[in-house]
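> Sequence below, structure please.
(2 chains)
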Amino acid sequence: MEPALPPAHDPLADEWLVVRCQLGERPAFDELIQRWHQPLWRYARHLAGNDAAADDAAQEVWLRVLRGIGRLRDGAKLRSWLFGIAHRVLMDRLRDQYRRPLAADAGLELEEQPADDSAPTLEFEIAAMLEELAGLPAVEREVLTLFYLHELPLDEVAQVLTVPVGTVKSRLYRARKLLRHQLDIRGVQP
Amino acid sequence: MNPAHLSSLADRELSAKARFGHVLLLLAALAMSTVVGSLCLTEPTLPARTRGAFAALTGIGLCWAAYAAWVLSSRRVLLAFQQVVAARMAVGFCAMALAGAAAVGVGHGIAAAWAAAAAFAALLLAAILLLVRARRRLRRLMARRDELERQLRGVRVS
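Modelled structure (predicted):
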């Protein structure tokens, strides 16, 4: 699996695309798809677990995007809006997995919390992380995917997941701890 | 799943034909409900069964209008250029219907025609307001697009 390469984050270009779509310029929709399909598909792939499920989810995401972009108020926030839609589509599909015990119940010692408010740093190589990522529960997999693979800042991850920034930090902390635990079991040194 | 597949999905979803079809459905359903509802309310000599049938037809027309409004607000949302065209269609349609109802009212003195004319006048007013709003939004978006293009050109040059 190749690491997801996020498109250069350019709020100005995003807003320009959104405005043209809202005006009804048909080529702008193709440009939007060209620019954002791969990041959204990869996000879906990481959470859905296989290509076919990612295809289904991506199609539904784009359906909602095409129907909803006329009402998007701030085009500069296109990235978090797109990932927010993808999050809701995937969570609908992964609801069964949400019913499984979360990482907090997996017997890990999680009493330690991050000492400061700074963004967590990248601790593992992308390749090793991708390999282990697929085995994580959906909540942890999602937050790691958004933060590390798509390089969304904490506040945008919070917007996508519709949770406070503090919750994102604690999920990231828990996810990294779980990931480290799995890598330790396999004997991989972070 | 690839961009070409999604582009054809976009073609289907963004079809102008489907959008303007629903605009026409909305206008026709409102016109039918207005005319039949006016007859139902203003004709005192109608037999009870006919009155019931007219009331049912009015209800059916309003249901179609509600369906078309729902499609246009959630499934086939009108984009800015389309909103202006749709609002112009609504203004033209309501103006013609108002003129027709007023002509029948003046020519034949039918009470139902005046009731329909009053309803069409209200619809015409609403359509004019929609047109003003749609044109204002179109101008705002076009100005923003031009401004962003200038900024992006500046970024690329520097």
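
> which residues sit in contact with residue 81?
Here I'm looking at chain A. Listed by CB atoms under 8 Å, 6 or more residues apart in numbering or on different chains, the contact set of residue A:81 reads residue A:72. The way it works is simple: take the backbone N, C-alpha and C, and place the C-beta from them, glycine included.

> Chain B, not that one
A:23, A:24, B:138.

> That one and residue A:42, how far apart?
The spacing between residue B:81 and residue A:42, counted by CB to CB, to the nearest Å, is 33 Å.

> Flag every residue of chain A that's near chain B.
Within chain A, the positions near chain B by CB under 8 Å from any CB of the partner chain are A:12-13, A:15-16, A:19-24, A:26, A:29-30, A:33-34, A:37, A:41, A:54-55, A:58-59, A:62-63, A:66-68, A:70-71.

> In ChimeraX, select just the buried ones from the residues you listed.
To isolate the buried members of the residues of chain A next to chain B in ChimeraX, using 16 or more other CB atoms under 10 Å in any protein chain shown:
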select /A:13,15,16,19,20,21,22,23,24,29,30,33,37,41,54,55,58,59,62,63,66,70
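
> Show me the residues of chain A next to chain B that map onto strands.
Among the residues of chain A next to chain B, DSSP state E puts none in strands.

> Show me the residues of chain A next to chain B that map onto helices.
Under the assignment DSSP state H, the residues of chain A next to chain B contribute A:12-13, A:15-16, A:19-23, A:26, A:29-30, A:33-34, A:37, A:41, A:54-55, A:58-59, A:62-63, A:66-68 to helices.

> ok, the contacts of residue B:81 vs residue B:43, which is closest?
For these, the minimum distance to residue B:43 (CB to CB) is 43.1 Å, reached by residue B:138.

> looking at it, the closest one is touching residue B:86, isn't it?
No - look at residue B:138 against residue B:86 with CB atoms under 8 Å: they stay out of range, at 11.9 Å.

> Which residue comes closest to residue B:34 once chain neighbours are left out?
Take residue B:34 and drop its neighbours on the chain: the residue closest to it by CB to CB, 6 or more residues apart in numbering or on different chains is residue B:119, 4.5 Å away.

> Helix, strand or coil: sort out residue B:77 for me.
Secondary structure assignment for residue B:77 (DSSP: H, G, I helix; E, B strand; the rest coil): coil.

> And the pLDDT at it?
Residue-level confidence at residue B:77 comes out at 88, pLDDT.

> Once you drop chain neighbours, what's closest to it?
In this structure, residue B:77 finds its nearest non-sequential neighbour in residue A:70, 4.4 Å apart by CB to CB, 6+ apart.

> ok, now which ones touch that neighbour?
Applying CB under 8 Å, 6+ apart to residue A:70 gives the contacts A:21, A:22, B:77, B:78, B:79, B:80.

> 7 Å instead?
Contacts for residue A:70 (CB atoms under 7 Å, 6 or more residues apart in numbering or on different chains) come out as A:22, B:77, B:79.

> What of residue B:151?
Residues near residue B:151 by CB under 7 Å, 6+ apart: residue A:12.

> tally of neighbours for residue B:59?
Residue B:59 is flanked by 13 other residues according to other CB atoms under 10 Å in any protein chain shown.

> Check chain A for the residue nearest chain B and tell me.
Going by CB to the nearest CB, chain B is nearest to residue A:24 of chain A, at 3.4 Å.

> so how far is residue B:85 from that residue?
10 Å.

> and which of the contacts of residue A:70 is nearest residue B:147?
Within these, distances to residue B:147 taken as CB to CB reach their minimum at residue A:22, with 14.4 Å.

> Verify the stated contact: that closest one with residue B:80.
Yes - in terms of CB atoms under 7 Å, residue A:22 counts as a neighbour of residue B:80; the distance is 5.7 Å.

> Run through the residues of chain B sitting next to chain A.
Contact residues, chain B versus chain A (CB under 7 Å from any CB of the partner chain): B:1, B:3, B:6-7, B:9-10, B:13-14, B:74-75, B:77, B:79-82, B:141-142, B:144-145, B:148-149, B:151-152, B:155.

> Tell me how many other residues surround the residue in chain B that chain A sits nearest to.
Closest residue of chain B to chain A, CB to the nearest CB: residue B:79 (3.4 Å). Using other CB under 10 Å as the criterion, residue B:79 is surrounded by 23 other residues.
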